[in-house]
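Enquirer: What shape does this take:
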Amino acid sequence: RRAAVPGSGAGQAGMEEDELECVEELEAVLQLAPEVQLAIEQVFPSQDPLDRADFNAVEYINTLFPTEQSLANIDEVVNKIRLKIRRLDDNIRTVVRGQTNVGQDGRQALEEAQKAIQQLFGKIKDIKDKAEKSEQMVKEITRDIKQLDHAKRHLTTSITTLNHLHMLAGGVDSLEAMTRRRQYGEVANLLQGVVNVLEHFHKYMGIPQIRQLSERVKAAQNELGQQILADFEEAFPSQGTKRPGGPSNVLRDACLVANVLDPRIKQEIIKKFIKQHLSEYLVLFQENQDVAWLDKIDRRYAWIKRQLMDYEEKYGRMFPQEWCMTERIAVEFCHVTRTELAKIMRTRAKEIEVKLLLFAIQRTTNFEGLMAKRFSGCTLADGTVKKAELPPPSTNPFLEDETGTETDETVIEKGDIDRPKKPKAPDNPFHGIISKCFEPHLYVYIESQDKNLGELIDRFVADFKAQGPPKPNVDEGGAVLPSCADLFVYYKKCMVQCSQLSTGEPMIALTTIFQKYLREYAWKILSGNLPKTTSSSGGLTITSLLKEKEGSEVAKFTVEELCLICSILSTAEYCLATTQQLEEKLKEKVDASLMERINLTGEMDTFSIVISNSIQLLVQDLDAACDPALTAMSKMQWQNVEHVGDQSPYVTSVILHIKQNVPIIRDNLASTRKYFTQFCIKFGNSFIPKFINHLFKCKPISMVGAEQLLLDTHSLKMVLLDLPSIGSQVVRKAPASYTKIVVKGMTRAEMILKVVMAPHEPTVVFVDNYIKLLADCSTDTFQKILDMKGLKRSEQSSMLELFRQRLPAPPSGVENTSSMSLTAPTPEQESSRIRKLEKLIKKRL
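Expert: This next block holds a predicted model:
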């Protein structure tokens, strides 16, 4: 601007200072709050720099005239700015003029609104006044109507009360007269009506006449009760026989009256009648009578059946149906019988035998079941035996329908696990009402089952010795020993039988017996019949088989022995699953308070040990069969091998043993594939480290010898990967867990040979290559590699020192030991090395 405007001096400088002061004052006035500025930008969005809150005039002028040459257009720019200023002035002037009359219009509108509100308020007040006048008028109109309504209500109540009083007075007079004449049929209906009417006068008991009527009603009720009891005593005396003429209509009506009287009258009638009805039973089956003993218990139940039939015929219509007199007589008979049987069994406890006890219990439970079919159990609320609550439906696969005797004898087979189960039948409400007395004597039954199971285990042992091991069963998988099914069938029979006798402590005692003989079966039948192997140094037990003894020549199992091991393994697996189901079933049968005391975990662990020992025997047998071949490999002169040929004879020998054993084991474990997978995994974990150890013994090795070993290692690796389906017509993919073990172990063997093949010069490259390929920082392993290469001790010492120097630093907090391992190579690195190795083998071939 200074360049464009000529002239300068003190006057011009003063004018510029005045202009700057004006600008600063204007900016101070126009400084808006941030909220106001944000609202203006949202309502009037603009991209013009002049509209920005942080507008800077100097920057804006520099933008318009960035160079000296642009000052040539200064007049044109000034004219545009002046034009824009004039337009802004016009807009501002128009807006200011438009706002001149706004204030007057607003005040006028406000005044009009206030006038309208005042008019509205006046109208509302008028309406309210009219409403109050209307309400007052309605009250005056309805005042007389309300008085008439109250009078009508009081009059109705008075008339009703007088009618009730008349009915009550007449009813009391009639009731007293009918009571004297023993007209119980009319009394039953009248008494109920009088009692109902008397309830309306409870609030008037302060009136002497009402209180007198109430006392007369109570006196009549007491007189009726005593009179009815006397009539029943006369008809059914405590001493003597029943009235020969049978029940009368008077007694039948008297029972209807007793329903209305105090419940104690009804209970007294029922008690005396039942006591008189069972008096003959107590005489016939006294403790000193022959028919009272357990062998004649049927006669007790036959007697009560005859008595119930006699009652139905003679007295069935005398007592009301809701009294359930037939059921009450039967329930009282059960209580008396239980007491009498408990007393006589305590006296003659030494004479109780198992067969006699079971006979008595069977007849008793049959009678209880008959009662459940005949009666509902509604009278048991007053007795000692409560109706059991129904347990929730069970999902236990061991559950079977137990409503009949045929199902109780059903054989527990493997197929039962997948069979649909029927819902459990409702419990018998009368269960235990008599049979509870036999529970203290069930120790006789438990001791008998202990003896029977001991004889059963001995018979299983004898049968196995006599019949020998089961025949190989290739088509159906390993044969389960039939004795295990017989054992669990007997267990189920005992469990069902004992649960019918008691669900308390006897079930716990029976569970202890089950545990005892499950362990005996596991050790005597299963572990005791596992084949034992022999060696040149003498006999080896199963325990010694589990320990590797390198160099011993172990005899190989025959096909029959392999099948026997697989059969024992399958049997142990079946026993393990069935024992778990047995535990669940026992917990269902026993009382809820005793469930925690049933635990067969120890027995299931025992069968798991048998399974583990069986698998270890199979692994040990195949592993020992491969030992001679590995020994032959380590004794070969690998430094003298001149060319690479087909796989070595020791590889052929290992493959031959695998093809002989694995198909037999796989076919006999077809029903338990998971344990065959465990066998493969355990064999891989045992064979591969042993192969690597023998590989270290092959020293020294020439380059050609290392290539031959690489070929042999690759052949063994392919065979091991195909191990689960070797010799099978159906090719299945090997389990991933097993494949991972084989790939990891055999890849390590291949990397060892690859390091051996690498030149040891320069030493730094050799050491780094070893650390990279093997990921093993153990100096022992590196020493073995150097021995395999046939290096001298002087060379080895320098390389060992370099190896220690080149080892990566241990992580913080980890001790620096010679056995520290590096991070294992990733699967991609392993697969890449395997492909390189395969190419190398093909090239050599």
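Enquirer: and the lengthiest helix in the chain, what does it pack onto?
Expert: Secondary structure of the chain read by DSSP state H shows that its longest helix is helix 102-181. When contacts are defined as 3 or more Cβ pairs under 8 Å, 6 or more residues apart in numbering; DSSP states H and E, helix 102-181 packs onto helix 184-198, helix 208-235. The C-beta positions use only the backbone N, C-alpha and C, and glycine is treated the same way.
Enquirer: TSV please, covering these and showing distance to Glu41, mean pLDDT and mean neighbour count.
Expert: TSV is the format used below for these (distance: least, Cβ to Cβ, whole Å; pLDDT from 0 to 100; neighbours: other Cβ atoms under 10 Å):
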stretch	distance to Glu41	mean pLDDT	mean neighbour count
helix 184-198	89	67	18
helix 208-235	94	73	15
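Enquirer: Make CSV out of these and add distance to Glu332.
Expert: Below are the helices and strands packed on helix 102-181 laid out as CSV (distance: least, Cβ to Cβ, whole Å):
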stretch, distance to Glu332
helix 184-198, 26
helix 208-235, 17
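Enquirer: how about the closest residue to Ile741 other than its chain neighbours, what does it touch?
Expert: Leaving out its chain neighbours, the residue that sits closest to Ile741 by Cβ to Cβ, 6 or more residues apart in numbering is Gly684, at 4.6 Å. Contacts for Gly684 (Cβ atoms under 8 Å, 6 or more residues apart in numbering) come out as 720, 723, 738, 741-742, 745.
Enquirer: Equivalent analysis for Lys524, please.
Expert: Per Cβ under 8 Å, 6+ apart, neighbours of Lys524: 457, 460-461.
Enquirer: 10 Å instead?
Expert: Contact partners of Lys524, counting by Cβ atoms under 10 Å, 6 or more residues apart in numbering, are 457-458, 460-461, 464, 517.
Enquirer: So which of the residues you listed is the closest to Phe55?
Expert: Closest approach between the contacts of Lys524 and Phe55, by Cβ to Cβ: Tyr517, at 102.5 Å.
Enquirer: For the stretch 301-450 of the chain, just list every one of the helices.
Expert: 325-347, 354-374, 405-408, 443-467 (DSSP state H, counting those that start in this stretch).
Enquirer: Export these as JSON lines, with columns for distance to Asp591, mean pLDDT and mean neighbour count.
Expert: Formatted as JSON lines, these follow (distance: least, Cβ to Cβ, whole Å; pLDDT from 0 to 100; neighbours: other Cβ under 10 Å):
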{"stretch": "helix 325-347", "distance to Asp591": "19", "mean pLDDT": "86", "mean neighbour count": "19"}
{"stretch": "helix 354-374", "distance to Asp591": "18", "mean pLDDT": "85", "mean neighbour count": "17"}
{"stretch": "helix 405-408", "distance to Asp591": "21", "mean pLDDT": "38", "mean neighbour count": "11"}
{"stretch": "helix 443-467", "distance to Asp591": "17", "mean pLDDT": "87", "mean neighbour count": "15"}
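Enquirer: out of those helices, nearest to Glu41?
Expert: Here helix 405-408 is closest among those (Cβ to Cβ), at 88.6 Å.
Enquirer: Need the three-state assignment for Thr571.
Expert: helix (DSSP: H, G, I helix; E, B strand; the rest coil).
Enquirer: count of residues packed around it?
Expert: Counted with other Cβ atoms under 10 Å, the neighbours of Thr571 add up to 28.
Enquirer: chain center to the longest helix of the chain, what's the gap?
Expert: 65 Å (Cα atoms, centre = their mean, to the nearest Å).
Enquirer: how much does that helix deviate in direction from helix 208-235?
Expert: 50 degrees (axes from the mean of the first three to the mean of the last three Cα atoms, to 10 degrees).
Enquirer: burial count for the residue nearest to Cys575 when sequence neighbours are not counted?
Expert: With sequence-adjacent residues excluded and distances taken as Cβ to Cβ, 6+ apart, Cys575 is closest to Phe607, at 5.0 Å. A total of 25 residues lie near Phe607 under the criterion other Cβ under 10 Å.
Enquirer: tell me the contacts of Phe607?
Expert: With Cβ under 10 Å, 6+ apart, Phe607 has these contacts: 518-519, 521-522, 526-527, 571-580.
Enquirer: Swap in 7 Å and give it another go.
Expert: Neighbour list for Phe607: 522, 572, 575-576, 579 [criterion: Cβ atoms under 7 Å, 6 or more residues apart in numbering].
Enquirer: Ok, Arg317 next?
Expert: Taking Cβ under 7 Å, 6+ apart, one finds Arg252 in contact with Arg317.
Enquirer: Arg252 is in contact with Asp231, correct?
Expert: No: if you go by Cβ atoms under 7 Å, Asp231 and Arg252 don't touch, sitting 11.3 Å apart.
Enquirer: Grab the two from the contacts of Gly684 that are most spread out in space.
Expert: Leu723 and Gly745 (12.7 Å).
Enquirer: Got the phi and psi for Asn101?
Expert: Backbone torsions of Asn101, given as degrees, to the nearest 10, read phi -90, psi 0.
Enquirer: no, scratch that, I was asking about Gln637
Expert: Torsion angles, degrees, to the nearest 10, at Gln637: phi -90, psi 80.
Enquirer: could you check the distance from it over to Lys789?
Expert: 15 Å (Cβ to Cβ, to the nearest Å).
Enquirer: doesn't Glu707 fall inside a helix?
Expert: Yes: counting by three-state DSSP, Glu707 is located in a helix.
Enquirer: my guess is it contacts Glu642, does it?
Expert: No: applying Cβ under 7 Å as the test, Glu707 and Glu642 come out as separate, 11.3 Å apart.
Enquirer: Between the two, point out the one with more neighbours.
Expert: Glu707 (21 against 9).
Enquirer: which strands and helices sit next to the host helix or strand of Val250?
Expert: Using DSSP states H and E, the element containing Val250 is helix 249-260. Contacts defined by 3 or more Cβ pairs under 7 Å, 6 or more residues apart in numbering; DSSP states H and E place helix 249-260 against helix 184-198, helix 208-235, helix 263-277.
Enquirer: Just read off the phi/psi values of Glu68.
Expert: The phi/psi pair for Glu68 (degrees, to the nearest 10) is phi -70, psi -30.
Enquirer: Which residue ranges of the protein form strands?
Expert: Ranges of strands within the chain are 534-535, 538-539, based on DSSP state E.
Enquirer: hey, least reliable of those strands by pLDDT?
Expert: Lowest mean pLDDT of the strands of the chain: strand 538-539, a mean of 37.
Enquirer: What mean pLDDT does stretch 688-701 get?
Expert: Stretch 688-701 comes out at a mean pLDDT of 89.
Enquirer: how about it: buried residues?
Expert: If you call a residue buried by 16 or more other Cβ atoms under 10 Å, then stretch 688-701 has these buried ones: 688, 690-692, 694-696, 698-699, 701.
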